[in-house]
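**Student:** Coordinates for the following, if possible.
(one chain, ligands or ions: 1)
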Amino acid sequence: DSGSARASPEQYDIQYLTPVEIGTPPQTLNLDVDSGSSDLWVFSTEMPASSVKGQAQYDPSKSSTAKRVQDATWNITYGDNSYSEGIVYKDVVNVGGVSFDAQAVEAATAVSQTFTTDANDDGLLGLAFSTINTVQPSQEKTFFDNVASELDAALWTADLKYHKSGCYDFGVIDDSKYTGQITYTDVDSSDGFWMFDVSGYGIGNNTFQSTSFQGIADTGTTLAMLPAQVVKAYYKQVRGAKLDNSQGGYVFPCQANLPSFVYGVGNARYEIPGQYINYAPVDNDGTTCFGGIQSDAGIGFAILGDILLKSAFVVFDASENVPRLGFAKK
Ligand SMILES: CC[C@H](C)[C@H](NC(=O)[C@H](C)NC(=O)[C@@H](CCSC)NC[C@@H](N)Cc1ccccc1)C(=O)O
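**Tutor:** Sure, this is the predicted structure:
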């Protein structure tokens, strides 16, 4: 079995939303496919109307296949201090034609303000490792872990694009979506993330620096959070760039001509075009813009979010006993 689902960007590519069908008859919710967490949670009819502002809500009472998981609860906190919590149902979940009939669907009873204010995002579909799923007293599996054995290959791929719709594919590598070879690198999943070694970096046409650092491939994080020294070296090449703590990171004049950023996976080199690194204006007249590359200080590892992932075709491969990530140009 294999399938393919769209990944449509919100404004500034802040996140990508994917239609997911839940229940019988199917209720379609647009979820943020997130390789940086492992809970599939949704806005639901179980939460107060005051915290719903336009989102679609999963209504288990309208699904003939919904079954409450007695006494099960969940609550999750994210790196940006957003959170959600609730109760658990088992129901049919279909993503791009791949279906599982008893997926843990975590119905929110409360969410933080950041989720309430994003009217288009009806929840998250976590694709990190099931070891960090938050359901208690018995942990649940991610959608990918549940369907892996029925897929033609135990892998999924991300083809995110700059200000355009891309795809998440399950169980198949679509050779038409990339050029050249796929370079694979081993994943250390001990923290529950798709963590791997970036083999080095280069700024514009400057020499590539072979200083490796660890990072997680996180489709649910907007920016690329990189080691402070790397980020400082990058913005040194941008006239007028400065670290503005009131904005929470590096900003620069929106007209700045940004150098590209090159990152290494093994011996392969991939390039993020400078244009991708002009993330969004911070002011109404669009004079000052916020950088798509920011510091990972305080996190303990880099977070390779959408700004970086959209520059490549990425394979999340759990088909061998050591999981691995594959990168290809496109
Ligand atoms: C450090 C972050 C918290 C505290 C930590 N939680 C995590 O690591 C969770 C699973 N993952 C996340 O917070 C991040 C990875 C952080 S690495 C420390 N990925 C998921 C995030 N992008 C999901 C999201 C999407 C849209 C809006 C907001 C958030 C924990 O529970 O310990």
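**Student:** how about the helices of the stretch 201-330 of the chain, start to end?
**Tutor:** 228-236, 274-277, 306-309 (DSSP state H, counting those that start in this stretch).
**Student:** Buried deepest among those helices, which one?
**Tutor:** Mean neighbours per residue, mean count of other Cβ atoms under 10 Å, is largest over the helices of the stretch 201-330 of the chain for helix 306-309, with a mean of 26. No exception for glycine: its C-beta is placed from N, CA and C like everyone else's.
**Student:** Distance from the chain centre to it, please.
**Tutor:** Its chain's C-alpha centre and that of helix 306-309 lie 9 Å apart, by Cα atoms, centre = their mean, to the nearest Å.
**Student:** Establish whether stretch 226-245 and the ligand are in contact.
**Tutor:** No: Stretch 226-245 lies out of reach of the ligand by Cβ under 6 Å from any ligand atom, never closer than 13.3 Å.
**Student:** Numbering from 238 from now on, please.
**Tutor:** Done: numbering now begins at 238, and the last item shifts to stretch 463-482.
**Student:** check which helix or strand covers F352.
**Tutor:** Assigned by DSSP states H and E, F352 belongs to helix 350-354.
**Student:** I meant to write N331 there.
**Tutor:** strand 320-332.
**Student:** in its sheet, what does that strand sit against?
**Tutor:** Strand 320-332 has these partner strands in its sheet, going by DSSP bridges: strand 253-259 (antiparallel), strand 304-314 (antiparallel), strand 335-348 (antiparallel).
**Student:** Using neighbour counts, pick out the buried residues of that strand.
**Tutor:** Of the residues in strand 320-332, S321, E322, G323, I324, V325, Y326, K327, D328, V329, V330, N331, V332 count as buried by neighbour count, 16 or more other Cβ atoms under 10 Å.
**Student:** hmm, back to that, mind saving the C-alpha coords of the very next helix or strand once past the helix holding F352 as PDB?
**Tutor:** The helix or strand immediately downstream of helix 350-354 is strand 360-363, counting by DSSP H and E. What follows is strand 360-363, C-alpha atoms only, in PDB (Å, rounded to 0.1, in the frame of the first residue of the first chain):
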ATOM      1  CA  GLY A 360      -4.500  19.900  14.800                       C
ATOM      2  CA  LEU A 361      -1.200  18.000  14.400                       C
ATOM      3  CA  LEU A 362      -0.300  14.600  13.000                       C
ATOM      4  CA  GLY A 363       2.900  13.600  14.800                       C
END
